[in-house]
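Asks: what's the 3D shape of this:
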Amino acid sequence: MLTNPNTIQLSEIFTSIEGEGILFGTKTLFVRMAGCHLKCRWCDTSYALPMYSGNSYSVEYVKKLIADHLKPFTYKVNFTGGEPLVQYEAVIDLAKFVRERGLRTYLESACYDSDRFAKLIPYIDICKVELKMRDSKVVDMNHYDNLLQNEIRCLRTSVKNHKITYIKIVVTNSTDIKEFAGLVENIFQHVRSADISGFIIQPSDRIDEPTTERLLQFYDIVCPYYREVRIIPQLHKQIGAR
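Replies: Residues are numbered from 1 along each chain as shown. This next block holds a predicted model:
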């Protein structure tokens, strides 16, 4: 793991259109951290997975990059990956800087480590908590339950800290319906529908894509718990954005 809080392994930084989640379609500055030890089979940023991919910069230099890349009418900075929790100390420093400029901070994370998440969340305004299904192959099955427990703890922490919190679950045609139903029940044993700002079901793209019928089955499972559930594909891929 990368551990030096004074340097950042950065994959890329760019302004584009938010392609996922409840804020899709909005202008966003993306700060993509390098490094992720998780192995989602449908990952679309495999170039950012190696722990020493991208370039190594000082935190101060990345702050300059953020300032230089900001464009008019951009109101939020999205820390994504890779996996931002791998370099959570550096992200804290960057998030403070972003807030000082009057912008909102946005975290996209697999939430694999609830302790790191708890240290970072005070500096985050908008949080996407992504919960992984078993068919994602994110970790080996011996470690899946531990990952899920961390994800649920992160969800509760984000809600407790009054962040704009939404849930995303990527589904494929192979995703087990009963497992999905059990996960949804588990989620709403820990948070209320009023606690979250969205529940996004995201179909996988080009890998084991779910049928419309199957997507409606997932929708119908969530709806009794959370009426504003949405099925949203990755918009940026549909319009050819980065």
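
Asks: Near A241, how many other residues are there?
Replies: 12 (other Cβ atoms under 10 Å). Heads up, the C-betas are built off the backbone N, CA and C, glycines and all.

Asks: helices and strands around the helix ranked longest in the chain, which ones?
Replies: In terms of residue count, the longest helix belonging to the chain (DSSP state H) is helix 141-160. In this structure, helix 141-160 makes packing contacts with helix 114-120, strand 126-130, strand 164-171, helix 177-190, judged by 3 or more Cβ pairs under 8 Å, 6 or more residues apart in numbering; DSSP states H and E.

Asks: is it fair to say D68 lies in a helix?
Replies: Yes - looking at D68 with DSSP: H, G, I helix; E, B strand; the rest coil, it is inside a helix.

Asks: Show me what the longest strand seen in the chain is packed up against.
Replies: In terms of residue count, the longest strand belonging to the chain (DSSP state E) is strand 7-17. For strand 7-17, the packing partners by 3+ Cβ pairs under 8 Å, 6+ apart come out as strand 27-33, strand 55-58, helix 59-69, helix 88-100, helix 235-239.

Asks: right, and the helices and strands packed on helix 141-160 - which one's nearest K237?
Replies: Of all the helices and strands packed on helix 141-160, it is strand 164-171 that lies closest to K237, at 13.3 Å by Cβ to Cβ.

Asks: Okay, angle between that closest one and strand 126-130 too, please.
Replies: Taking axes from the mean of the first three to the mean of the last three Cα atoms, to 10 degrees, strand 164-171 and strand 126-130 form an angle of 30 degrees between their directions.

Asks: Mean neighbour count, the helices and strands packed on helix 141-160: which tops it?
Replies: The highest mean neighbour count among the helices and strands packed on helix 141-160, using mean count of other Cβ atoms under 10 Å, belongs to strand 126-130: a mean of 24.
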